[in-house]
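**Q** The sequence isn't on hand, but the structure is:
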Ligand code: GDP
């Protein structure tokens, strides 16, 4: 039986740039929700003690890809006449909150995008001293791209130099003018004691060793005026976005606390308003109100459907299918992370979008077409792991020991197949040589790289047989930088890195044909293979096709696969500069054979020879990866940024306004984009941000092709 109705489920992420306090905030969230869940079961004081002991012993699991916790808004905990009633009110209002771990490095990698897809809302954490930093802008724009409703938390108000007002203004000016102050801090820096809540117009102080005792008082005299002023703005802003309330407001009627809360919820979910809260995670102040806000303002899986329906396609017919987040719909779940757990082995984290995922059932992995049996399902809590029988729509869990399901795959009802996300992982477009510094690093390096490759499907490792080096390939310079950085920090490996290399390809531009003859008839066993091949360019990204048009046994059937094999081998080494050939159709249409001397090897060689000759005649060209860029910059640097793009063979597709910044969509060759992060930073005084992903391959201009062929590029 479902324990929590869908309206009482939240799937959220806590996002921040490094050092803003994401880890500390998450820890505190798990700490307080741990207490909350136990209140009523044991005496409160005892529960905290238990919790603290456990926390010290095992450390809180905050590294789990999805952690489940429970929370009831603090305002409900004050209600009720007696214990019995209190317990009931608390239970009736309890929510399940699933916290999805978002990677610390927010960049353009697939993993970040997938996390943002799986969560319904986010808490963005800022440092109370620094306010909005260039990196927070990157985080913010990623969330914009995926339409993620969010609330803000200005952390570290206890620090010297922390200032909520300044941090709030930086959010309003640099990220979104619809940011809305929800609280006024009481005291500052070391004297920061609590907050005035602008909805209820009450002052709250956080006492006790872990700030777990919330004391409600009247607003201190010296803050009254400021609080009144800010509440007026708050009410005005909420009413502005709500027709019904606008009317009431204009008529001078009182708008109730609940009406304000309800209306702000709708506006937050529609990303029209962004509530901003404050506190300090380290000093245990006001985290409980942040949790209240997660329940009050961030969407449930039902709210999200009104923003973005659950869409998928039929794996065979490619017809679009829409699903509802209901437990009795057919199952559709998305695997969003595969992790290795020291206790149980492989854990496949998933979110159920529709239907119910049951232990012991058979499901279809519609991405691969394989059937999978669901052995055990677990849910991760802060301090324990719960074995569950089933997971309902809108909820998250992890399957133990799935072998053939990877990140991004859809698991569904075999009778009602659906693919939730059509993902084709882009081919890596950039490579660097990586060489361990010492013998001892060698083994560690290999282990580290393989671990990282398991997590990230866009990262590849290959050996370079010519030199014995390891070559790693990925989606961009930053992607590889992060991987190299992680091998250092997480695996302690020292390595030397080569110069980044672009993964060029070659293709042909016209049709042509050629003969391949491999005949040896002197001494020993003779050889005889003879073919005629036609080559023809294919559409972009079609790869390779082989057509056999041999009739009447001119070449015996048994030798045909050998011809194809020869052609395939020849494809790996292009005819201009040795890069792999792609997007070519090859037709075998004529040839001859010899009763005694013909062999597979002879036909393979003949196939390769004919193909190479035909490719040379078919006006071959070199292809280079072209990247899709989105650059954001304040207006004053727009000219420099676009001028620089033009000099890099870039093409600007559009320039738009996003609030007070300019957003440039452009495409540019990867070869010109090395070091762009540094370049952009210096051009924009650190305020420009960009994302870059592979878009397509395109032929390089003649002068550059020549330089590449001569090995000068
Ligand atoms: P993350 O990199 O975003 O996960 O940030 P962490 O949670 O690891 O915090 C970075 C640093 O800031 C650590 O040294 C924390 O102890 C510190 N920190 C986190 N929250 C607060 C806070 O509220 N006040 C103060 N003074 N320091 C904090």
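**A** Received the coordinates, thanks. None of the values given here were measured: they were computed from a predicted structure. Numbers count the residues shown, from 1 in each chain.
**Q** ok, how many other residues are close to residue 524?
**A** Each residue near residue 524 was counted by other C-beta atoms under 10 Å, and the total is 7. Glycine gets a C-beta too; all of them are placed from N, C-alpha and C.
**Q** Just the local confidence number for it, please.
**A** According to the prediction, residue 524 has pLDDT 76.
**Q** where does it fall, phi/psi-wise?
**A** Backbone geometry at residue 524, expressed as degrees, to the nearest 10, gives phi 60, psi -150.
**Q** quick one: the helices in the stretch 1-150 of the chain?
**A** Remark: helices of the stretch 1-150 of the chain, listed N- to C-terminal, are 22-38, 44-58, 74-77, 83-92, 110-118, 134-145; assignment by DSSP state H, counting those that start in this stretch.
**Q** weakest of those helices by average pLDDT?
**A** For these, mean pLDDT drops lowest on helix 44-58, to a mean of 46.
**Q** Near the residue nearest to residue 430 when sequence neighbours are not counted, how many other residues are there?
**A** The shortest distance from residue 430 to any residue that is not its chain neighbour, by C-beta to C-beta, 6 or more residues apart in numbering, is 5.4 Å, and that residue is residue 500. By other C-beta under 10 Å, 18 other residues sit near residue 500.
**Q** surely residue 500 meets residue 433?
**A** No - when contacts are counted by C-beta atoms under 8 Å, residue 500 is not listed as touching residue 433 (9.4 Å).
**Q** buried ones in the strand or helix carrying residue 585?
**A** When secondary structure is defined by DSSP states H and E, residue 585 falls within strand 584-592. Of the residues in strand 584-592, those with enough neighbours to count as buried (16 or more other C-beta atoms under 10 Å) are 584-588, 590-591.
**Q** Quick one: list the elements packing against that strand.
**A** Contacts of strand 584-592 with other secondary structure elements, assessed using 3 or more C-beta pairs under 8 Å, 6 or more residues apart in numbering; DSSP states H and E, are made with strand 527-537, strand 544-548, helix 560-571, helix 600-617.
**Q** Run the chain-centre distance for the third one.
**A** What that stands for is helix 560-571. For helix 560-571, the separation from the chain centroid amounts to 39 Å (computed by C-alpha atoms, centre = their mean, to the nearest Å).
**Q** Need the residues that contact that helix.
**A** The set of residues external to helix 560-571 that reach it, using C-beta atoms under 8 Å, 6 or more residues apart in numbering, is 529, 531, 533, 544, 546, 548, 550, 555, 580-582, 584, 586, 588, 600-601, 603-609, 611-612, 615.
**Q** before we move on, what about the shortest one?
**A** With C-beta under 8 Å, 6+ apart as the test, strand 544-548 has contacts from 538, 560, 564, 567-568, 571, 582-588.
**Q** that older thread, using JSON lines, please lay out the helices and strands packed on strand 584-592 together with distance to residue 182 and mean pLDDT.
**A** As requested, the helices and strands packed on strand 584-592 are exported to JSON lines (distance: least, C-beta to C-beta, whole Å; pLDDT from 0 to 100):
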{"stretch": "strand 527-537", "distance to residue 182": "60", "mean pLDDT": "96"}
{"stretch": "strand 544-548", "distance to residue 182": "59", "mean pLDDT": "94"}
{"stretch": "helix 560-571", "distance to residue 182": "61", "mean pLDDT": "95"}
{"stretch": "helix 600-617", "distance to residue 182": "66", "mean pLDDT": "96"}
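**Q** can you put these in CSV and add distance to the ligand and mean neighbour count?
**A** Conversion of these to CSV gives the following (distance: least, C-beta to the nearest ligand atom, whole Å; neighbours: other C-beta atoms under 10 Å):
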stretch, distance to the ligand, mean neighbour count
strand 527-537, 50, 23
strand 544-548, 46, 14
helix 560-571, 46, 21
helix 600-617, 52, 23
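**Q** among the ones you listed, which is nearest residue 361?
**A** Minimum separation from residue 361 across the helices and strands packed on strand 584-592 (C-beta to C-beta) falls at strand 544-548, 39.4 Å.
**Q** Could you figure out how far the closest one is turned away from helix 560-571?
**A** Per axes from the mean of the first three to the mean of the last three C-alpha atoms, to 10 degrees, the angle that strand 544-548 makes with helix 560-571 is 150 degrees.
**Q** now strand 544-548 against strand 527-537, angle please.
**A** Between strand 544-548 and strand 527-537, the angle formed by their directions is 120 degrees, by the same axes, to 10 degrees.
**Q** on that earlier part again, which ones are touching the residue nearest to residue 430?
**A** The neighbourhood of residue 500, defined by C-beta under 8 Å, 6+ apart, consists of 430-432, 477, 480, 674.
**Q** Quick one: buried ones out of those?
**A** Those of the contacts of residue 500 that meet the buried threshold are 430-432, 477, 480, by 16+ other C-beta under 10 Å.
**Q** Distance of residue 479 relative to residue 101?
**A** Distance of residue 479 to residue 101, computed by C-beta to C-beta, to the nearest Å: 19 Å.
**Q** The two - which one has more neighbours?
**A** Summary of the neighbour comparison: residue 479 and residue 101, criterion other C-beta under 10 Å, with residue 479 having more neighbours (25 against 20).
**Q** Which positions in the helix or strand harbouring the more buried one come out as buried?
**A** For residue 479, the element it lies in under DSSP H and E is helix 477-491. Applying a neighbour-count criterion of 16+ other C-beta under 10 Å, one finds 477-484, 486-487 buried in helix 477-491.
**Q** Using CSV, please lay out these together with pLDDT and distance to the ligand.
**A** Shown next, in CSV, are those (pLDDT from 0 to 100; distance: C-beta to the nearest ligand atom, whole Å):
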residue, pLDDT, distance to the ligand
477, 81, 23
478, 77, 18
479, 80, 20
480, 87, 22
481, 85, 18
482, 81, 15
483, 85, 19
484, 89, 20
486, 82, 15
487, 87, 19
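**Q** what stretches of the stretch 551-700 of the chain score poorly on pLDDT?
**A** 659 (pLDDT under 70).
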